[in-house]
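**Q** The sequence isn't on hand, but the structure is:
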Ligand SMILES: *Cc1c(COP(=O)(O)O)cnc(C)c1O
């Protein structure tokens, strides 16, 4: 029985659900893992995660398709990305097939919290891992916990996707040769001051430039950029310090294979941004947030698509990808993982 929740008025906040998956890594091996009821964690005051921030995460969604199936979107890519993240953070990899199975188990355990088709709401899934044993000398933890919880979240855009205004940030998100390409909690800790300041100044997000030269576009705190040229080419920035968004990688396929667009994944100079026709941010949460304006220290870039609605190419990309996710459009092989 679906829970008695007003799906349409849910925000993006934590709502405790019934079950969570927990696996422990001790003596160099993962245990079997299990679904449990307890939503709290007890650990040493000296746990590695609390001292040296050895923690990483992923984010994906479960939702109901038009024909009533409960599915997730490309969870194998989240599993692979978390494996890459763990290697960079000297954490043990949770085997990728078992990782996807943990997602399936957790969603099944909270199946009554999966919002119905058409509500715009989804069940957000948060897999994460952290060092749990006492660590005081700077070194990786020996013991880890891998957990997955779910929380129902509301429609990202209430009343349509309005273009946002962003600023070019004076802060960097990631160092050259650093950790920008992995989903580490520490990247988010670094971005909090910059986003609070941006919000205080009236901007929805920060555009970060490459930390080495400050001439190339990187991404925002939690989403990759897509740009559309005046002749309808999808251009998306390439850099070793950008987090490889699964939404962005999927949009590149949708643009080329479904919409017949030209796609360029390359370095994007900030100086060419003013010449693009459309701009958007892409990530699991919103799929695409259209950008209407970018402020750069007194200079303003206004995209021709304006401040009222998504540009036409962005809209087609958005409608096609969400159509694939919701089962209205046939998905490429392996993109939709059926749970129930
Ligand atoms: C998670 C994340 C994204 C979006 O990735 P998706 O896989 O599309 O959800 C983009 N940038 C950063 C920094 C992220 O952490």
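**A** Great, that's in hand. Not measured: the values here are computed from a predicted model.

**Q** can you give me the strands for the stretch 51-200 of the chain?
**A** Counting by DSSP state E, counting those that start in this stretch, one finds strands in the stretch 51-200 of the chain at the ranges 55-57, 60-64, 70-73, 122-131, 144-153, 164-168.

**Q** got the domain boundaries for this protein?
**A** If you go by automatic domain parsing, the domain ranges for the chain are 7-153, 164-325.

**Q** So which of the ones you listed is nearest residue 334?
**A** Among these, domain 7-153 comes nearest to residue 334, with 7.4 Å by Cβ to Cβ. To be clear about C-beta, it is placed using only N, CA and C from the backbone, and glycine gets the same treatment.

**Q** Write out the residues of the stretch 51-200 of the chain neighbouring the ligand.
**A** For the stretch 51-200 of the chain, the residues in contact with the ligand (Cβ under 6 Å from any ligand atom) are 59, 183.

**Q** Do I have it right that residue 166 meets residue 296?
**A** No: the pair residue 166 / residue 296 is not scored as a contact, 9.9 Å apart, by Cβ atoms under 8 Å.

**Q** Compare neighbour counts for these two and give me the winner.
**A** Set residue 166 next to residue 296 and count neighbours by other Cβ atoms under 10 Å: residue 166 wins out with 24 against 16.

**Q** how close does the closest residue in space to that one that isn't next to it in sequence sit to the ligand?
**A** In space, and not counting its chain neighbours, residue 166 is closest to residue 205: 4.3 Å by Cβ to Cβ, 6 or more residues apart in numbering. Remark: distance between residue 205 and the ligand (Cβ to the nearest ligand atom, to the nearest Å) = 11 Å.

**Q** and what of residue 101?
**A** Taken as Cβ to the nearest ligand atom, the span from residue 101 to the ligand is 20 Å.

**Q** residue contacts, that residue?
**A** Residue 101 makes contact with no residue under the criterion Cβ atoms under 8 Å, 6 or more residues apart in numbering.

**Q** Looks like residue 2 contacts residue 117 (just checking).
**A** No: Residue 2 lies out of contact with residue 117 (Cβ under 8 Å); the separation is 11.6 Å.

**Q** Residue numbers of the stretch 201-340 of the chain in contact with the ligand?
**A** On the criterion Cβ under 6 Å from any ligand atom, the ligand has as its neighbours in the stretch 201-340 of the chain the residues 219, 222, 223, 224, 243, 245, 246, 247, 248, 283, 284.
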